[in-house]
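Peer 1: Any chance you could fold what I've pasted below:
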Amino acid sequence: MDIVSTAMNIFGGYYESERGWRHYRVQGKPYDVQFNARTLEWKCTCPHYVFRKAQCKHIKEIQSNPK
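Peer 2: Presented below is the predicted three-dimensional model:
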């Protein structure tokens, strides 16, 4: 587990950027899952989302298990 993931687990499971994006990590995966509460937009850095712009399993996992 990297330092960012460890810190996110200690401080509530996500961190929020100054632009309003919440950044999550799925357990055991290096991808950054992002949620913007203002626009209700989701993003992920996994290849499925990057190339297809379709909701991936990482986004679905965060949506079903919010921390």
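Peer 1: Skipping adjacent residues, who's closest to Val26 in space?
Peer 2: Nearest non-adjacent residue to Val26, counting by C-beta to C-beta, 6 or more residues apart in numbering: His58, 4.8 Å away. Every residue, glycine included, has its C-beta placed from N, CA and C.
Peer 1: Is the residue sitting nearest the centre point of the chain bridged to anything, and to what?
Peer 2: Centroid-nearest residue in the chain, with C-alpha atoms, centre = their mean: Val33, separated by 2.0 Å. Bridge pairing for Val33 (DSSP bridges) gives the partners Tyr24, Cys44.
Peer 1: is it true that it touches Cys44?
Peer 2: Yes: counting by C-beta atoms under 8 Å, Cys44 is a contact partner of Val33 at 4.9 Å.
Peer 1: what about the residue nearest to Val26, how many residues close to it?
Peer 2: Using other C-beta atoms under 10 Å, His58 has 21 other residues around it.
Peer 1: so who does it touch?
Peer 2: Residues counted as contacts of His58 (C-beta atoms under 8 Å, 6 or more residues apart in numbering) are Val26, Lys29, Tyr31, Val33, Cys44, Cys46, Tyr49.
Peer 1: Check Lys57 too.
Peer 2: Shown in contact with Lys57 (C-beta under 8 Å, 6+ apart): His48.
Peer 1: Name the nearest residue to Asp32, sequence neighbours excluded.
Peer 2: Thr45 (4.7 Å).
Peer 1: measure the residue nearest to the centre of the chain to Ala54 for me?
Peer 2: Val33 sits 14 Å away from Ala54 when distances are taken as C-beta to C-beta, to the nearest Å.
Peer 1: Check Gln27 too.
Peer 2: Distance from Gln27 to Ala54, counting by C-beta to C-beta: 22 Å.
Peer 1: do the same with Asn36
Peer 2: 18 Å.
Peer 1: Any chance you could list what contacts stretch 42-51?
Peer 2: Contacts to stretch 42-51, defined as C-beta under 8 Å, 6+ apart, come from residues 29, 31-36, 54-59, 63.
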